[in-house]
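K.L.:
3D model of this:
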Amino acid sequence: WNITAVEDPLASYVKGSDATISSVVISASIGHVNIFQHENASAFQEGGRPARVALADFAARTLVKQRNQAKKEVDNYVLTLEPLDRIFLKGKRRRQNLSAPYPPYVLERSDIWSSNDHLHLSLRVIVESQPIHFDEKKTEGDFLQTAVNSILASLLPFGQADWTQAAMNHISCVVLQDKIRQQLDSSNAVAFIADNSILPRKSGTSDARMCSPPAVPFQAPPDSSMSQSLTIEMGSLAKYLPSNAFPSQGSSITLSGLVIPKGITLICGGGYHGKSTMLRTIALGVYNKIPGDGREYCIAVEDAVSVRAEDGRYVNNCNISAFISNLPTPPGVTKTVDTEHFSSRDSSGSTSQAANVSEAIEMGCSAMLIDEDVSAANFMARDGRMRALVMDESITPLLYRVNGLYNAKGISSVVVVGGVGDWLDVPHNVVLLDKYVASDATKKAQSISYQFSYGHVQYGGKGVVHRLDWKNSGTPIPRRPTDEFANRFGANIEVSLLDGGHSIALHPHEDDDEMMDGVVLDDDHDEGCIEASRMEQVMGRKQLYTCGLCALWIIKISQQETALGLPELLNKLDETLDSSGLVKVVEDLSSSGLSPKTWQHLVEAVGYAERPRKYEIGQALTRLQGIKFEEIPVEDDGVEAAAKAEEERKKRALAELWAARRKK
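P.N.:
Okay, here's the model as predicted:
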């Protein structure tokens, strides 16, 4: 291992009142050629980027699992190697029996990561008996090099058959998940749930799998077009997968299960029969998982986005006109609300969900995941009786738009429904759950739909109810953060967690007396705050904190790349993360002066960063209180204006028809 040391931002916290304790942060790296040999090395290289991420994840979990053995006595010193995770420093530092806190998701991270040819670690070294002095550089370097190498050699025993087999099993499992995800598009699917998967968790706040029994292993419905087998070419990695789960088939692996096709899919059933659990499984299928999670072969396309209502959400300059129009104005107010450029500091359930749909489209999602339990009822559907009672309705429900959205944009919708039968008019496929057992109810749903008024009712001159075309006027406007907003940040900005890790704030660095355990005390000012408690695909405090760092990075880059809109800025960030990792974002923020102590603040707040998807980063940015977006001008080809004129003509014709009937 090649080892260097830097000062620990939490050295005084680690030390406390004990003068015999000191700490440093070490960076260690080792070549992949020293980790895997011969055929193992070749198989690892075949796995590409997912294999490198999985190697780092396996190393991180091993270090946490073995942390009780991460000690070494050298002369009069006792050295302990610990992860940077702040959870290991809470309360009494000597709680050696602390269990591993890591959730089962395999995410890129900033403290333990793998480049093309090296594994990199950043760890805390705690030294007891005598403090390390940084002016004794040579002695300190030799001392740490020898001691840390010895500890790491015992914790990560490269070359030992058991360790290598466990590592390759972990890596092959992750690579298989990634390959399934890549194959979904060619299979005309947005998600796959493997047979015998365990979907439920121990509790609503736990990521641990529920024991079976009582959990019912998932089985795809027999005699259904959605029940399919996927064959995945794994190459040399196939032999490292468990033989009891994957009988030997050479280099290919076959899995059977439920395929969620592209288009509109409903998940129906009674209360407490597993509908939301299935949707949650699909939502988390955008992330790879560790072996033994129970959902490791439940996979979704990488750009599937959960959409829900968020009462009180901050929205700025967002086009929600496809769903919301003709909003009423208070008496005496002559200016109408422009829903093509909608802004609100306190949006309602329906307008917030409309904004969430619009922004998911804007950021390039290919599938929306929607649960009626956490959606605005009036945004989801509106039945015939209510249409008859309320003639002048500002909301065009999502129910009426999902088919047009799929036909025009290719965006699929997976919707959990248990209470509104009108949804049976729109799906291509219906999964029915009864006591956690899935069946294909597509034909039955179509039969029920045809017994009612399907295909006969016109909606305000726009077309047949439940099957409205998607108009270009409803497409999100191209927009970018304004320079005026970016300039307000100035320099020396940091990210802090609020509300127990459910929100974050971007704010000027404050004195230590404003800090408590890495969290800024909240006050009356909400500018710079991001309410993230309902961002359902964010996996914890570290990923949320990283969303804040990435939002800062985009704000900085947007000032240099003035022609790039929000989707292009997010893609540029993704390219940077793919090529250089999270450390590049930390380095860029530090060197730019915008946040010169990014790494120190990161270590103080959460220990290390975990990579989010660009969709969660975009969600964090658009929820940033006070942010302003400006529209990027585009050349008008006249098509949109003609479409608007035609829509107005149809409205007038329908109004004249009704007026003539009333006269009779």
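K.L.:
report the helix or strand with the lowest average pLDDT across the protein.
P.N.:
Every helix and strand in the chain was compared by mean pLDDT, DSSP states H and E; the lowest is strand 515-516, with a mean of 38.
K.L.:
what about the stretch 501-650 of the chain, any weak spots by pLDDT?
P.N.:
511-525, 636-641, 643-644 (pLDDT under 70).
K.L.:
how about the helices in it?
P.N.:
For the stretch 501-650 of the chain, applying DSSP state H, counting those that start in this stretch gives helices covering 541-560, 566-580, 582-592, 598-605, 614-622, 639-663.
K.L.:
now tabulate those helices in JSON lines and tack on distance to residue 113.
P.N.:
No exception for glycine: its C-beta is placed from N, CA and C like everyone else's. JSON lines is the format used below for the helices of the stretch 501-650 of the chain (distance: least, CB to CB, whole Å):
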{"stretch": "helix 541-560", "distance to residue 113": "13"}
{"stretch": "helix 566-580", "distance to residue 113": "10"}
{"stretch": "helix 582-592", "distance to residue 113": "7"}
{"stretch": "helix 598-605", "distance to residue 113": "14"}
{"stretch": "helix 614-622", "distance to residue 113": "18"}
{"stretch": "helix 639-663", "distance to residue 113": "45"}
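K.L.:
with mean neighbour count and distance to residue 369 added, can I get those helices in JSON lines?
P.N.:
JSON lines is the format used below for these (neighbours: other CB atoms under 10 Å; distance: least, CB to CB, whole Å):
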{"stretch": "helix 541-560", "mean neighbour count": "23", "distance to residue 369": "18"}
{"stretch": "helix 566-580", "mean neighbour count": "16", "distance to residue 369": "19"}
{"stretch": "helix 582-592", "mean neighbour count": "18", "distance to residue 369": "26"}
{"stretch": "helix 598-605", "mean neighbour count": "22", "distance to residue 369": "30"}
{"stretch": "helix 614-622", "mean neighbour count": "25", "distance to residue 369": "11"}
{"stretch": "helix 639-663", "mean neighbour count": "11", "distance to residue 369": "29"}
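K.L.:
among those helices, which is nearest residue 306?
P.N.:
Of all the helices of the stretch 501-650 of the chain, helix 614-622 sits nearest to residue 306, with 9.2 Å by CB to CB.
K.L.:
counting by contacts, list what the closest one packs against.
P.N.:
With contacts taken as 3 or more CB pairs under 8 Å, 6 or more residues apart in numbering; DSSP states H and E, helix 614-622 sits against strand 315-318, helix 349-362, helix 541-560, helix 566-580.
K.L.:
now with 6 Å, please.
P.N.:
Under the contact criterion of 3 or more CB pairs under 6 Å, 6 or more residues apart in numbering; DSSP states H and E, helix 614-622 touches helix 541-560, helix 566-580.
K.L.:
phi first, then psi, for residue 594.
P.N.:
The phi and psi values for residue 594, taken as degrees, to the nearest 10, are phi -60, psi -40.
K.L.:
any figure for the gap between it and residue 579?
P.N.:
As judged by CB to CB, to the nearest Å, residue 594 and residue 579 stand 21 Å apart.
K.L.:
still on that earlier bit, what's the closest of the helices of the stretch 501-650 of the chain to residue 233?
P.N.:
Nearest of the helices of the stretch 501-650 of the chain (CB to CB): helix 566-580, 23.1 Å.
K.L.:
quick one: that closest one to helix 582-592, angle?
P.N.:
110 degrees (axes from the mean of the first three to the mean of the last three CA atoms, to 10 degrees).
K.L.:
just the CA atoms of helix 566-580, as PDB, please.
P.N.:
Output in PDB follows, covering the C-alpha atoms of helix 566-580 (Å, rounded to 0.1, in the frame of the first residue of the first chain):
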ATOM      1  CA  LEU A 566     -30.600  22.000 -16.700                       C
ATOM      2  CA  PRO A 567     -30.600  18.600 -18.400                       C
ATOM      3  CA  GLU A 568     -27.300  19.300 -20.100                       C
ATOM      4  CA  LEU A 569     -25.700  20.500 -16.900                       C
ATOM      5  CA  LEU A 570     -26.800  17.300 -15.100                       C
ATOM      6  CA  ASN A 571     -25.300  15.300 -18.000                       C
ATOM      7  CA  LYS A 572     -22.100  17.200 -17.800                       C
ATOM      8  CA  LEU A 573     -21.900  16.400 -14.000                       C
ATOM      9  CA  ASP A 574     -22.600  12.700 -14.800                       C
ATOM     10  CA  GLU A 575     -19.800  12.700 -17.300                       C
ATOM     11  CA  THR A 576     -17.400  14.200 -14.700                       C
ATOM     12  CA  LEU A 577     -18.400  11.600 -12.000                       C
ATOM     13  CA  ASP A 578     -18.000   8.800 -14.500                       C
ATOM     14  CA  SER A 579     -14.600   9.800 -15.600                       C
ATOM     15  CA  SER A 580     -13.100  11.200 -12.300                       C
END
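K.L.:
now for that helix, which elements pack on it?
P.N.:
helix 541-560, helix 614-622.
K.L.:
for these, give me JSON lines that also has distance to residue 23.
P.N.:
As requested, the helices and strands packed on helix 566-580 are arranged in JSON lines below (distance: least, CB to CB, whole Å):
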{"stretch": "helix 541-560", "distance to residue 23": "20"}
{"stretch": "helix 614-622", "distance to residue 23": "32"}
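K.L.:
since that was my last question, I'll sign off now.
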